[in-house]
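> kindly return the folded structure for what I paste below:
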Amino acid sequence: MTISDTSTAPIPRRPIGASGIDASVLSLGSWHTYDRMDFADAVDMVSFAVESGVNLFDVGVYGFRGMQPPVFTDVLFSAIVRAARIPREDYLLSEKLWLEGFGDGGFRPQLEHALLRVGSEHADLVILGDLRRDDLELRDIVLDLAALADAGLIRAWGVNNWSAANIQSLSDIAAAEGVAGPQIAQLKYSVARRSIPDGEPFARLFANGLTMQASDVMEGGILAGNVTPRREVGRDPGAIRERIVADVPAFSAVADELGTTPAQLAVAFTLTHPATTTTLFGASRLEQVQQNLDAVALVERVGAAQLRARVAPFWADKGIVDPEGP
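Coordinates of the predicted model:
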């Protein structure tokens, strides 16, 4: 097996919906990564990512003010970019906003606290967390986000794992109100979990301009070969994780035949979807970033159609998970 060297050319960028913002096709997450690294190594890793063309960083915290134990992933990121002397205009900042915290004042108190922690005056992108509340009016959410944009606190917004029907409702409300609607959907998308992004309901949304941020692309490291990950792994819609683990040897064999690694193949697959703006991944070593960058070259070398054909047998949630979404 041979693994290609990381290209010196910056990775491509694609638009986030109709927002006018272009994001790198790979974006770097921070959840449970920087807090597991030596600080100097984290500075080197983020510096290398930016030099390689990565410009979108997700620093969203999965929790609320006062949660225990406290988390510092976003605070660490603010220190990392300062130490690396990366100007704010050289990267895009993505934050999470949680519907559980939507109340008096809308999202603004939550967002201002997040921006304080990360040391920025605005977020380029905010992603709304899962829709678990049934006491909210979607119109209130759309108008509140429009107000944040008018105030210069955000530039664009999207949603995380919302159903296609609810995203369409958001878009319809925004159009009726004459404000910007959701530009991007962060969705679980991998060689194993394809039913929702590849289904007809989301195909209609993508045809109308919505784009996708692929997440959970390695199933918490399982598709990269770590079948017993120590860190927390995301939800398991369709209860297919055992099937995914069982498929790892065969998936690794395909990667070997293609002269790549399982991790690179997992990332490369997500880039073949025509609606993918960016694929989100986490890394705690510079070498992981280097290897994931090589996934871009893998798509060019093998071809999108051939890649999708080779990984088709590993579509574990086919016929199990509803394409409409949560």
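
> gap between Val245 and Pro262?
Look at Val245 and Pro262: by C-beta to C-beta, to the nearest Å, they are 13 Å apart. In this view, the C-beta of every residue, glycine as well, is placed from N, C-alpha and C.

> so what pairs up with Leu186 in the strands?
Leu isn't right for residue 186; it's Gln. Asn160, Gln213 (DSSP bridges).

> right, and it touches Trp162 too?
No - between Gln186 and Trp162 no contact is recorded; they are 9.3 Å apart, counting by C-beta atoms under 8 Å.

> which parts of the stretch 51-200 of the chain are helices?
Counting by DSSP state H, counting those that start in this stretch, the stretch 51-200 of the chain has these helices, from start to end: 73-83, 108-118, 138-150, 164-177, 200-207.

> report the buried residues of the last one.
Buried residues in helix 200-207, defined by neighbour count with 16 or more other C-beta atoms under 10 Å: Pro201, Phe202, Leu205, Phe206.

> distance to Val267 and pLDDT added to those residues, as JSON lines?
Below are the buried residues of helix 200-207 laid out as JSON lines (distance: C-beta to C-beta, whole Å; pLDDT from 0 to 100):
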{"residue": "Pro201", "distance to Val267": "25", "pLDDT": "97"}
{"residue": "Phe202", "distance to Val267": "20", "pLDDT": "97"}
{"residue": "Leu205", "distance to Val267": "23", "pLDDT": "98"}
{"residue": "Phe206", "distance to Val267": "20", "pLDDT": "98"}
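
> give me the most central residue, this protein.
Centre of the chain computed as the mean C-alpha position; nearest residue by C-alpha atoms, centre = their mean is Leu280, 3.6 Å away.

> distance check, it against Glu324.
Distance of Leu280 to Glu324, computed by C-beta to C-beta: 23 Å.

> go on, Glu200?
In this view, Glu200 and Glu324 are 9 Å apart by C-beta to C-beta.

> so who does the closest residue to Trp31 other than its chain neighbours touch?
Beyond its immediate neighbours in the sequence, the residue positioned closest to Trp31 (C-beta to C-beta, 6 or more residues apart in numbering) is Thr73, lying 5.9 Å away. Contacts for Thr73 (C-beta atoms under 8 Å, 6 or more residues apart in numbering) come out as Ser30, Trp31, His32, Thr33, Tyr34, Asp35, Val59, Val61.

> that older thread, C-terminal to the helix or strand encompassing the residue nearest to the centre of the chain, what's the next element?
In the assignment (DSSP states H and E), Leu280 maps to strand 276-281. Once strand 276-281 ends, the next helix or strand along the chain (criterion: DSSP H and E) is helix 286-302.

> thinking again about what came up before, wait, the residue nearest to the centre of the chain sits on Gly234?
No - checked against C-beta under 8 Å, the pair Leu280 and Gly234 is beyond contact range at 11.8 Å.

> on that earlier part again, could you dump the buried residues of helix 200-207 to JSON lines with distance to Ala18?
Output for the buried residues of helix 200-207, formatted as JSON lines (distance: C-beta to C-beta, whole Å):
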{"residue": "Pro201", "distance to Ala18": "20"}
{"residue": "Phe202", "distance to Ala18": "17"}
{"residue": "Leu205", "distance to Ala18": "13"}
{"residue": "Phe206", "distance to Ala18": "13"}
